[in-house]
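[1] build me a model from this:
(2 chains)
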Amino acid sequence: MTASLRIVAAGPGLTVQDLGRPGHAAQGLSRGGALDPLALHEAAALLHSRPAAAIEMPGMGGSFSVDIPTRVALTGAPMKATLDGAPLRWHAAHPIAPGQILKIGGVERGVVGYLTPGAPIATSPVLGSRAAHLNIGIGAVLQSGDCLPLSDDPAPSRPACHLPGAGPFGARFNGGTVRLVPGPQSDMFDDAQRAALGQATFVRGPRSNRQAMQLISQDDPTWHRAAGDLASEPIQAGDVQITGDGTPFVLLAECQTIGGYPRIGSVHPADMGRIVQAGPAPALHLSFIGWEDAEALLASHLAALARLPASVMPLVRDPADIPDLLSYQLISGVTSGDDLDPTAR
Amino acid sequence: MIDPQALPSAPTGQPQVLPLGMDAFLVRFAPVFAPQANRAALALGEQARSLAGVTEVLPALTSTMVRFDIPETTDRATARAALQQLVDSRDWLALPDAPARRAWTLPLSFDGDDAPGLAHAAEQAGISETRAVEQILAAKPRVLAIGFAPGQPYMGLLPENWDFPRQGTLSQVPAGALVAAIRQLVLFANPSPTGWVQVARTSFRPFTAGASDPTPLRAGDEIRFARASADELAGLADHPLGGATQQDLT
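    Predicted structure coming up:
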């Protein structure tokens, strides 16, 4: 019998996501995959594995169970989580036994959380990826009662661990300044327009989805520039499109591959997590940086990514979190010591 | 309208190599559509695939995106220099029109709900609806680029009277919608909002997730349209390729 992860109760919009399908842009297929790939790298560090398929949870989780002993990594936007009623730390991996109920509630900060089982999700890949890409008919939204097949967990009994302080990328759930690099169409905007964009304050708009994130602002969109008869050009995740009424949209994982709206710049890869995880409240600012700074930033971002496994620490339970502390045998194996001494026989 | 002063190059000018994110570059042959720029974009794309460290090439209407394995295999300066050398190696905009190697015949219905924008498009093109249908059926456009959504073709060019702009307000079109603007046709793979005008509908789907070739159209293919009734179109939905046929021209 195949092991499985059961979605006992599904929150809205749950999908399976991995790192997507790179390399298919010439066929019109964007990379897709997790909105916040950093969360998959964090899960890999916590599970001592390679980045693998996860359940992406946009805002709300659900209830889950497994039928083999394994572990679950909880990464991305922090959400309330319990295992059989006991609170679970986020940015952490925990053992889970068959039949236990993992409940994941709403996000506390950020936008999208991830549940990654230590027993890898083993659904059939399409074009090399298990990621749902809904607007082109690959995969489906997970429903209550669905079961996802799992492979074997290589280390089901590895103890709980966590990323202290949410790890090196833990600041990405609070909004802030998002750095832009110039793109092929930046010069079609004048200096005053780019400066105006840099001075404006934005928040996530309601017309945001896996394809793009709407940035709304109270400021006058003097950065607007009509597309005119400009030929549509290749476009990719991170590009900041200025649409017909001046509203910027940041393209995300499931974006189109060719686009006609002028693009004022591109979000630096190091700040994609910050923009994707900015909820409706925190303010966002856009700031152009030069290529020298951009390359240094990329190098430090990749170095931080490489340091993720070293950031993982064992998770020591706070005794105050253990409701039935007195039922635990806290001291065991006390002997006279003779049995440990081979010469005492 | 676009300000020509703000545009970095004219179709006959020097191609530009421009940064696109941290690991890709865009080679732009022209800012607005021109057939010679489209040929240049496709031809450069073929050659760029063999540059050291290239991971992905996307030829579009008048520009080509080239992505490199940066920083693992190469760096931005080296990659850009290699691409610039390829761009400088020949006069890409002087390439002659090459004949299509493949032709497709797609069934097309202009009936009722299949062509909600036909009257508007005909008016924009300054002709009767009957003449508009005739011009589309006679056009035999080429696939200029694949993109926006999987397998989705940009096709052209239609006669000059079809040079009307995309609409300011978006309308929702169904999968299989054939839409027109700026002398081009686009065939939508999925239901989508668009500023293009729906003039017909086909039972062919440019993307089928589980198929051995999920995106059968290629840039450069010739497209021929065969008129079908709405009923005939509905009957073709279950046929392989939605009743579309392909022939080799070589």
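
[2] C-alpha from now on. contacts and neighbour counts both.
    Noted.

[3] which SS class is B:Arg67?
    Recorded secondary structure, B:Arg67: strand (DSSP: H, G, I helix; E, B strand; the rest coil).

[4] correct me, but it touches B:Asp23?
    Yes. Counting by Cα atoms under 8 Å, B:Asp23 is a contact partner of B:Arg67 at 5.8 Å.

[5] in terms of neighbours, single out the busier of those two.
    Neighbours were counted for B:Arg67 and for B:Asp23 using other Cα atoms under 10 Å in any protein chain shown; B:Arg67 has more, 23 against 19.

[6] what is that one paired to in the beta sheet?
    Counting by DSSP bridges, B:Arg67 forms beta bridges with B:Ala24, B:Glu56.

[7] can you report phi and psi for B:Val179?
    phi -120, psi 150 (degrees, to the nearest 10).

[8] near the closest residue to A:Ile242 other than its chain neighbours, how many other residues are there?
    Using Cα to Cα, 6 or more residues apart in numbering or on different chains and skipping the chain neighbours, the partner closest in space to A:Ile242 is A:Pro248 (4.5 Å). Neighbour count for A:Pro248, taken as other Cα under 10 Å: 27.

[9] likewise B:Glu134?
    Neighbourhood size, B:Glu134 [other Cα under 10 Å]: 12.

[10] which of the three states applies to it?
    Relying on three-state DSSP, one would call B:Glu134 helix.

[11] tell me the spacing between the residue of chain B most remote from its centre and chain A.
    Centroid-distance maximum for chain B: B:Glu72 at 32.2 Å, with Cα atoms, centre = their mean. Counting by Cα to the nearest Cα, to the nearest Å, the gap from B:Glu72 to chain A is 11 Å.

[12] domain ranges for chain B?
    For chain B, the domain assignment from automatic domain parsing gives the residue ranges B:4-94, B:102-248.

[13] so which of these comes closest to A:Asp191?
    Closest to A:Asp191 of the domains of chain B is domain B:4-94 (Cα to Cα; 11.9 Å).

[14] quick one, phi psi at the residue nearest to A:Ile242?
    phi -70, psi 140.

[15] which residues are in contact with it?
    Residues counted as contacts of A:Pro248 (Cα atoms under 8 Å, 6 or more residues apart in numbering or on different chains) are A:Gln214, A:Leu215, A:Ile216, A:Val240, A:Gln241, A:Ile242.

[16] so which of these is the closest to chain B?
    Of all these, chain B sits closest to A:Val240, with 11.0 Å by Cα to the nearest Cα.

[17] so that closest one is in which element?
    strand A:239-242 (DSSP states H and E).

[18] each with direction, which strands does that strand pair with?
    For strand A:239-242, pairing defined by DSSP bridges yields strand A:248-251 (antiparallel), strand A:263-267 (antiparallel).

[19] most tightly surrounded among those?
    strand A:263-267 (a mean of 27; mean count of other Cα atoms under 10 Å in any protein chain shown).

[20] so which residues make contact with it?
    Contacts to strand A:263-267, defined as Cα under 8 Å, 6+ apart, come from residues A:178-189, A:194, A:238-242, A:250, B:20-21.

[21] narrow the residues you listed to those in helices?
    If you go by DSSP state H, the contacts of strand A:263-267 have A:Arg194 in helices.

[22] could you pull out the strands for chain B?
    B:16-20, B:24-28, B:54-59, B:63-68, B:102-109, B:142-146, B:153-156, B:171-173, B:177-181, B:184-187, B:192-194, B:197-201, B:222-228, B:245-248 (DSSP state E).

[23] mind putting those into TSV with mean pLDDT?
    Formatted as TSV, the strands of chain B follow (pLDDT from 0 to 100):
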stretch	mean pLDDT
strand B:16-20	97
strand B:24-28	98
strand B:54-59	96
strand B:63-68	98
strand B:102-109	97
strand B:142-146	96
strand B:153-156	96
strand B:171-173	94
strand B:177-181	96
strand B:184-187	96
strand B:192-194	88
strand B:197-201	97
strand B:222-228	97
strand B:245-248	95
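
[24] just list the residues touching the nearest residue to B:Ala149 once chain neighbours are set aside, thanks.
    Leaving aside its chain neighbours, B:Ala149 sits nearest to A:Gly28 (4.9 Å; criterion: Cα to Cα, 6+ apart). Going by Cα under 8 Å, 6+ apart, A:Gly28 touches A:Gln256, A:Thr257, A:Ile258, B:Ile146, B:Gly147, B:Phe148, B:Ala149, B:Pro150, B:Gly151, B:Gln152.

[25] what of A:Thr70?
    With Cα under 8 Å, 6+ apart, A:Thr70 has these contacts: A:Pro95, A:Ile96, A:Ala97, A:Pro117, A:Gly118, A:Ala119, A:Asp153, A:Ala155, A:Pro156, A:Ser157.

[26] tell me the bridge partners for it.
    A:Thr70 forms beta bridges with A:Ile96, as assigned by DSSP bridges.

[27] tell me the helix or strand right after the longest helix along chain A.
    Counting by DSSP H, the longest helix found in chain A is helix A:291-306. Downstream of helix A:291-306, the first helix or strand assigned by DSSP H and E is helix A:308-311.

[28] where's that next one relative to the chain centroid, distance-wise?
    Centroid separation for helix A:308-311 versus its chain: 17 Å, with Cα atoms, centre = their mean, to the nearest Å.
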